[in-house]
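In: generate coordinates for the sequence data below:
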Amino acid sequence: MAAANTVRVEGESITLTGTAKAVTIPTSAGLNGDADANGVVAKLGDLGNGAGNTAILTHPSSLSTGPYVLMVSAANADQSSNLNYNPQVVNRFLDVTEAGGATTRGTFRNGYSWNSFWDTSIPLDLTTASGSLTLGNASAYAPDIDVITLAKLTAGSASTTAR
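Out: Model (predicted):
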């Protein structure tokens with residue numbers, strides 16, 4: 001990924017609305033999140049479960065319109081019940097809405113831990129030059145987020161070489 005085509009943001013650094021909040025994870029919790037300069041890992045929690053509980057990523061001025069991939073490092077350990085030897089795991093969903101554009105939904109598989117972050121890619125087609133991205137889920141909780149990376153989707157040219 002070329003740095004000029006990529007923006008990486010810690011979840012807790014994004015503008016939060018409603019009940020969405022940054023939560024510090026104890027280092028003894030067996031986590032694999034991205035620590036800050038002080039060795040502390042914070043994640044974005046209580047995102048979703050209402051239309052007003054969101055995180056808003058300002059559209060970076062360096063990025064134009066076109067195809068992108070939003071890589072979300074997220075944790076999900078949600079269960080509907082816990083039967084002996086058979087947890088009833090629940091996927092969580094994150095809706096990404098571009099101001100003046102479309103909404104795209106990403107699915108986040110249960111990873112059996114709120115402190116183990118798995119990367120999930122969400123393809124986006126940004127149609128505005130300045131529309132912010134709102135992350136949330138109006139009908140249920142979204143996954144907890146550690147880091148998001150927005151990268152321009154580019155493909156190189158194919159070439160063949162005679163041998």
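In: which residue is nearest the middle of the protein?
Out: Val72 (3.0 Å; Cα atoms, centre = their mean).
In: who does it bridge with?
Out: Thr120, Ile148 (DSSP bridges).
In: isn't it right up against Asp119?
Out: Yes: contact criterion Cβ atoms under 8 Å: Val72 and Asp119 qualify, at 7.1 Å. Yep, even glycine has a C-beta here, placed from its N, CA and C like the rest.
In: for the nearest residue to Ala142 once chain neighbours are set aside, name its beta-bridge partners.
Out: Counting by Cβ to Cβ, 6 or more residues apart in numbering, Ala142 lies nearest to Gly48, which is 3.8 Å off, once chain neighbours are set aside. Bridge pairing for Gly48 (DSSP bridges) gives the partners Tyr141.
In: what ranges do the strands span in this protein?
Out: In the chain, the strands defined using DSSP state E lie at 6-10, 15-16, 21-25, 41-45, 55-57, 66-76, 79-83, 86-89, 92-98, 103-108, 113-126, 133-136, 144-152.
In: to Thr161, which of the ones you listed lies closest?
Out: Nearest to Thr161 among the strands of the chain is strand 144-152; the distance by Cβ to Cβ comes to 27.4 Å.
In: and the closest one with strand 103-108, angle?
Out: 130 degrees (axes from the mean of the first three to the mean of the last three Cα atoms, to 10 degrees).
In: contact partners of strand 144-152?
Out: With contacts defined as Cβ atoms under 8 Å, 6 or more residues apart in numbering, strand 144-152 is touched by 1-2, 5-11, 14, 23, 33-34, 41, 43-45, 47, 55, 57, 60, 63-64, 66-76, 94, 114, 117, 124, 133, 135.
In: for the residue nearest to Ala142, give me the pLDDT.
Out: If you check Gly48, the pLDDT there is 96.
In: swap in Leu63?
Out: Listed pLDDT for Leu63 reads 87.
In: for burial, what's the neighbour tally of Arg109?
Out: 14 (other Cβ atoms under 10 Å).
In: then Pro123?
Out: Neighbour count of Pro123, defined by other Cβ under 10 Å: 11.
In: just for this structure, where's the confidence low?
Out: Within the chain, the stretches with pLDDT under 70 are 1-3, 27-39, 82-84, 155-158.
In: 90 instead?
Out: 1-6, 10-13, 24-42, 59-64, 77-90, 111-116, 129, 153-163 (pLDDT under 90).
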